[in-house]
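> turn this into a model:
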Amino acid sequence: METIDLHVHSCYSDGSFTPEELVTLALHTGLSAFALTDHDSIDGIDEAIQAAENQALEVIPGIEFSTRWEKRDIHILGYYIDHHAKSFKDKLQEFLDARDTRNLRMCERIREYTGFPITIEALVDAFPDAVITRAHMAAWLVDKGYVPSRPVAFEQYLDEHAPCFVSKTEVTPTDAIKLILSHGGIPVLAHPLLYKLSEEKLHLLLRELTEAGLMGIEAVYVLNKGQDETYVCSLAKQYHLLITGGSDFHGKNKPDIALGTGLSNNLSIPYKLLTLLKAARIPR
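The predicted model follows:
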C-alpha cells in the first residue's frame, strides 16, 4: 500500500530537518507523498519541491496556521495553497509581524522574571533559518543549562498559564480558513482532540468552521488512542469533511515520532486520502 504523511515540519518552523533532508528521509521511508506544513511559514516549500524533482515522491505545498478561538490555540492546516501569490505572502507577513512583537515581549518577560539573558538576537543566532516560536525559546533555555528539559521550560515559563506567557494577536481559525480558500487551498482542522474541548465546544467549533468553509479534519493522527480515530471519522461524516492524517513530524525536536509511521509504527496513512484531497481542489 502506498503511504503518505500530511503533517510534517522542517527547520523553517520548529522542526530540525531541512526540506531537502525531509525529502531524503521520505524516500528512504518509502512514502509516496508528504505535505510540508510549517507553522505560519511557506519558506521551505520550494526547496522541498526542488529536492523531490525527478523522484518518486510528491511534495504537497502546505502550512499550519496558529490561531486563537475562545482563548485556545487552534491549528488550521492548509493544503495546495498558492504560496507564490503576493497577496498570500502579504497577509502571512501580517501574522508574522504580530508574532515577532509577541516574541520580543516574551523574551523581555523571561529576562525580567528569571534574569536569563535571552534575546531575539540570541534566538536568531541559535536558529538562523527558523521562524522563532516558544519551542525555540525552550530549546535555547535547555541548551544554555537554565532548565533541564523543554517540558520544564514550558511548565515554568512558557505555557499559557506560566508567568512569561504573552497571548498572540488574535488570528482566528476563520481568518486562516478564508485566506487558504482565497488562494486555492484546502483548509483542514489539525488534531482536533488535542485541544481538550468538551464535546459541546468541539461541535460548536466545527459548526463555526464548516460555515466558514472548512473542508477537512485530521482524523489519523500520531497521538490518537483507543477509539479516537473512529470518533473523529464520525465527526468528519457528520460535518461532511475530508479525512487527513499525519505524524506531526518535528525530527529531533520530537524524537519519538518517525516520519510517516509515528510512534512505534502506529501510523499508516493510505494514499487514497490524498486522492480525495486532490479531487476536492477548486480550480482557480
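
> contacts only, for D159.
Contacts for D159 were tallied using CB atoms under 8 Å, 6 or more residues apart in numbering; they are F165. Every C-beta, even on glycine, is put in place using the N, C-alpha and C of the backbone.

> which residues in this protein form strands?
For the chain, the strands defined by DSSP state E cover 3-8, 33-36, 58-69, 72-79, 186-189, 216-221, 242-246, 257-258, 262-263, 269-270.

> of the ones you listed, give the one that comes closest to A153.
For the strands of the chain, the distance to A153 is smallest for strand 72-79, at 17.2 Å, taking CB to CB.

> now for S16: which residues touch it?
Contacts for S16 (CB under 8 Å, 6+ apart) come out as H250, G251, K252, N253.

> burial count for the first one?
Which is H250. Other residues lying near H250 total 20 when counted by other CB atoms under 10 Å.

> for T18, same thing?
By other CB under 10 Å, the residues close to T18 number 18.

> list phi and psi for it.
Backbone torsions of T18, given as degrees, to the nearest 10, read phi -70, psi 160.

> give the contact list for it.
Remark: with contacts taken as CB under 8 Å, 6+ apart, T18 is in contact with S10, C11, G44, E47, D129.

> go with 6 Å
C11 (CB atoms under 6 Å, 6 or more residues apart in numbering).

> per-residue pLDDT, it?
Predicted confidence (pLDDT) at T18: the value is 97.

> and it, how far is that from S10?
Here the criterion is CB to CB, to the nearest Å. By it, T18 lies 6 Å from S10.

> next one: L202
Taking CB to CB as the criterion, L202 is separated from S10 by 30 Å.

> go on, I4?
Taking CB to CB as the measure, I4 and S10 are separated by 17 Å.

> now S41
Here S41 is placed at a distance of 9 Å from S10 (CB to CB).

> look at the two and report which has more neighbours.
Neighbour tally, S41 and S10, criterion other CB under 10 Å: the higher count belongs to S10, 28 against 23.

> excluding its backbone neighbours, what's nearest the more buried one?
Take S10 and drop its neighbours on the chain: the residue closest to it by CB to CB, 6 or more residues apart in numbering is G44, 4.5 Å away.

> in contact with that neighbour, which residues?
With the criterion set at CB under 6 Å, 6+ apart, G44 makes contact with S10, Y12, P19, L36, D38.

> for the third one, give me its contacts.
When you say that, I think you mean P19. With contacts taken as CB under 6 Å, 6+ apart, P19 has the following neighbours: S10, G44, E47, A48.

> dump those to TSV, plus pLDDT and distance to E211.
Rendered in TSV, the data for the contacts of P19 read as follows (pLDDT from 0 to 100; distance: CB to CB, whole Å):
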residue	pLDDT	distance to E211
S10	97	32
G44	97	32
E47	98	36
A48	98	33
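
> which of these fall within helices?
E47, A48 (DSSP state H).

> quick check, nearest of the contacts of P19 to L27?
Set against L27, the nearest of these by CB to CB is A48 (11.9 Å).

> give me the nearest residue to that closest one, chain neighbours excluded.
Nearest non-adjacent residue to A48 (CB to CB, 6+ apart): P19, at 3.6 Å.

> again, but for P117
Counting by CB to CB, 6+ apart, R111 is the residue found nearest to P117 once chain neighbours are left out, at 6.8 Å.

> the one you found and R150, how far apart?
Computed with CB to CB, the distance linking R111 and R150 is 19 Å.

> try L204
Taking CB to CB as the measure, L204 falls 32 Å from R150.

> for the residue nearest to P117, give me the pLDDT.
Reading off the model, R111 has pLDDT 96.

> hmm, back to that, between T18 and S10, which contacts overlap?
With CB under 6 Å, 6+ apart, T18 and S10 have no common neighbours.

> could you chop the chain up by domain?
Listed by automatic domain parsing, the domain ranges of the chain are 3-91+169-279, 92-158.

> deepest-packed of those, please.
Relative to the other members of those, domain 3-91+169-279 carries the highest mean neighbour count by mean count of other CB atoms under 10 Å, namely a mean of 19.
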